[in-house]
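[1] Prediction below, plus the sequence it came from.
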Amino acid sequence: NAGVTQTPKFRILKIGQSMTLQCTQDMNHNYMYWYRQDPGMGLKLIYYSVGAGITDKGEVPNGYNVSRSTTEDFPLRLELAAPSQTSVYFCASKYRNTEAFFGQGTRLTVV
Amino acid sequence: GESVGLHLPTLSVQEGDNSIINCAYSNSASDYFIWYKQESGKGPQFIIDIRSNMDKRQGQRVTVLLNKTVKHLSLQIAATQPGDSAVYFCAENEQVPSGGGADGLTFGKGTHLIIQP
């Protein structure tokens, strides 16, 4: 099992550019999540999905979009990058009411 | 405010001593709690969990204590080693804001555990 795989590991974007952060898991988990982690802070929930075709907003969804066409994949889209989106992004997956498994993160800088 | 928080941002301990990291939570409906370890440049890694029908759970060198009366969680690490140096997060599993019944983890800010030689 590869677990949760995120790509890319690092990215620098210019203000106004767009990009997609990729996340895939091979554990057949139905729940998937995107979190962002700002320096010295905990993780804040951006979006989540309870299964293919179902997504919903978390605590900080503005400026992001997601899709869940398959159980394995849960990409996060930034349409118009802003400096406030400079952060480390973590994807996670789990079954209901169990621990979550995290990817290694994508470090994004918007300049 | 945050529903899950940690009392101290940094904890410094001598190698070989025991470490105790504390966490307070505010959602009395939460019934599942997890401790994660995050090393620099990596994603959070599961350490140990506990459900609300228990007040103590032990793993290898780690123990989690849950006090539901005062909504307090602690992680004890025995015989702390250099490899234990990391940021430790407690997380509570609760319903996500949509109210659709899905659950997710809410994290505190973390405690940075520093090991002194």
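    Looks like it came in fine.
[2] Burial check on A:Arg11, number of neighbours?
    Using other CB atoms under 10 Å in any protein chain shown, A:Arg11 is surrounded by 17 other residues. C-beta: built from backbone N, CA, C; applies to glycine.
[3] Next, the distance between the ends of stretch B:68-79.
    Stretch B:68-79 stretches 27 Å from its first residue to its last (CA to CA, to the nearest Å).
[4] Likewise for stretch A:27-43?
    22 Å.
[5] got the residue ranges for the strands in chain A?
    Counting by DSSP state E, chain A has strands at residues A:4-7, A:10-13, A:19-25, A:31-37, A:43-51, A:54-57, A:64-66, A:76-78, A:87-94, A:101-102, A:106-110.
[6] Present the ones you listed as a markdown table; the columns should include mean pLDDT and distance to chain B.
    As requested, the strands of chain A are exported to a markdown table (pLDDT from 0 to 100; distance: least, CB to the nearest CB, whole Å):
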| stretch | mean pLDDT | distance to chain B |
| --- | --- | --- |
| strand A:4-7 | 97 | 8 |
| strand A:10-13 | 97 | 11 |
| strand A:19-25 | 98 | 11 |
| strand A:31-37 | 95 | 6 |
| strand A:43-51 | 93 | 5 |
| strand A:54-57 | 92 | 4 |
| strand A:64-66 | 98 | 13 |
| strand A:76-78 | 97 | 15 |
| strand A:87-94 | 96 | 5 |
| strand A:101-102 | 96 | 4 |
| strand A:106-110 | 97 | 8 |
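[7] looking at those strands, which is closest to B:Ser12?
    Shortest distance between B:Ser12 and these, using CB to CB, is found for strand A:31-37: 22.8 Å.
[8] what's the closest of the strands of chain A to B:Lys68?
    Per CB to CB, nearest to B:Lys68 of those: strand A:87-94, 23.0 Å.
[9] Grab the most central residue of chain B for me.
    Chain B has B:Cys90 as the residue nearest its centroid, 2.8 Å off, counting by CA atoms, centre = their mean.
[10] That one - nearest residue in space that isn't next to it in sequence?
    Closest residue to B:Cys90 apart from its sequence neighbours, by CB to CB, 6 or more residues apart in numbering or on different chains: B:Cys23 at 3.6 Å.
[11] Quick check on that neighbour: phi, psi?
    When read as degrees, to the nearest 10, the backbone of B:Cys23 gives phi -150, psi 140.
[12] Give the burial count for it, as a bare number.
    Residues near B:Cys23, counting by other CB under 10 Å, number 25.
[13] Could you measure from it over to B:Gly110?
    For B:Cys23, the distance to B:Gly110 equals 10 Å [CB to CB, to the nearest Å].
[14] Equivalent analysis for B:Val70, please.
    In terms of CB to CB, B:Val70 sits 21 Å off from B:Gly110.
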